[in-house]
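Peer 1: okay, structure incoming, though there's no sequence with it:
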C-alpha cells in the first residue's frame, strides 16, 4: 500500500504536468514547430472540377469553376493504354459513360464520351449536364490554368502514372502548387519518392495516427510532413451521400465518427502550424457553415457557384 502511495505521489504530478504542457503547446504550436509556408491558401476547392454544375472532370467543369472564383481544383488521374494522363475519377468507365471498360485498356482516341446526365456522387438524386462530354488531359488543364493550385488524387499503385504526373508537374513548373493526394500510404510513399518537392496530404493511416497523437497528447511534440488534411464532413453521410460500405449507413457509427474526428482544437492546431484543413463534400449552405464552424480552413464542393455565393455573403473568401 505504501509503495502504491509513493508511486502515485510521483506519477500523478508527472501526468498533470504532461497534460498541462500538451494543452499549452496544442494552442501554441509555433514554440516547437516552424509554420509551413505553402505557395497557396484555399478556402474554395472544387471537387472533380465542380461536378454538380457541369459534367465532372471536363474542361468545361474546370473552366466554370475557375470563372466562379474557385481557388483550387481537385481531381483524379489515370493512364490510357497509349500512355496519356487522363483526368477521371474512375478507372472503370461504367458509371461515367455506361461502358464497362477501363481507361488503361483503351487508347486516348477510343475513350467513350461521358453520359449526357451524370448523377452527383455526393448529392444523391441530383444530376449534372453540360456541352462538354470529353475526358480531359492533365496536360491541357496545366496549360490552360498555369497558376491554379490542383490537388491530384492517385488511386492506383502505378509507377508509370506517378512518374508521368510528376514529369508534367515539373514541365509546367507547378511543383509548389500541385498536391499529391491518396488514401493509400504505400502509394503516397511512392509519390513522395518520385517528387518530394510537391506538397502532400494525409493518407488514411496517417490520419488515424494523427488522431491517436491528438488524443494521447503527443501531437504538439511530433513533426508533420503533410501540408493538407482532406476529410469527409460526416454530417453529409446518409443525407446527401449514400456510402457503399454498410458500416457507414449506421447512424450511430456516423455520429461517433463525427464526435471523434470533428475536433476544432485539432483543426486549429493544424492551421496554426500552416497545415490546411479541407472538409468535403459540402453542397448546402448549412454544411459549408458547419465545416467552417468546426475549424476547416477550406471547403470542397461540387457546386462552386453556391460556395462562392456563401463566401461572398459571409466575407470569408480571400
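Peer 2: Looks like it arrived, so ask away. Just so you know, these numbers come straight off a predicted model, no measurement behind them.
Peer 1: burial count for residue 270?
Peer 2: When counting by other CB atoms under 10 Å, one arrives at 24 neighbours for residue 270. Where you see a C-beta, it was placed from the backbone N, CA and C, and this is true even at glycine.
Peer 1: quick one, phi/psi of it?
Peer 2: Main-chain dihedrals, residue 270, degrees, to the nearest 10: phi -60, psi -40.
Peer 1: return the distance of it relative to residue 33.
Peer 2: Here the criterion is CB to CB, to the nearest Å. By it, residue 270 lies 11 Å from residue 33.
Peer 1: for the chain, which strand is longest?
Peer 2: Longest strand of the chain, by residue count under DSSP state E: strand 72-79.
Peer 1: neighbouring strands of that strand in the sheet, and parallel or not?
Peer 2: Strand 72-79 has these partner strands in its sheet, going by DSSP bridges: strand 44-47 (parallel), strand 85-87 (antiparallel), strand 150-154 (parallel).
Peer 1: please enumerate the helices of the stretch 101-250 of the chain.
Peer 2: With DSSP state H, counting those that start in this stretch as the definition, the stretch 101-250 of the chain shows helices at residue ranges 138-144, 159-171, 185-194, 204-216.
Peer 1: any chance of the strands paired with strand 72-79 in CSV, plus mean neighbour count?
Peer 2: CSV is the format used below for the strands paired with strand 72-79 (neighbours: other CB atoms under 10 Å):
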stretch, mean neighbour count
strand 44-47, 29
strand 85-87, 23
strand 150-154, 22
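Peer 1: helix, strand, or coil at the residue nearest to residue 233 when sequence neighbours are not counted?
Peer 2: Counting by CB to CB, 6 or more residues apart in numbering, the nearest residue to residue 233 once its immediate chain neighbours are dropped is residue 279, at 4.5 Å. Applying DSSP: H, G, I helix; E, B strand; the rest coil to residue 279 yields a three-state assignment of strand.
Peer 1: okay, now residue 279: neighbour count?
Peer 2: By other CB under 10 Å, the residues close to residue 279 number 29.
Peer 1: could you do residue 204 as well?
Peer 2: Residues contacting residue 204 under the criterion other CB under 10 Å number 13.
Peer 1: is it true that it touches residue 181?
Peer 2: No: using CB atoms under 8 Å, residue 204 is not in contact with residue 181, being 11.5 Å away.
Peer 1: in the sheet, who's paired with the residue positioned nearest the centre of the chain?
Peer 2: Centroid-nearest residue in the chain, with CA atoms, centre = their mean: residue 230, separated by 3.3 Å. On DSSP bridges, the residues paired with residue 230 through beta bridges are residue 278.
Peer 1: in stretch 63-74, what's buried?
Peer 2: 63-66, 68-74 (16 or more other CB atoms under 10 Å).
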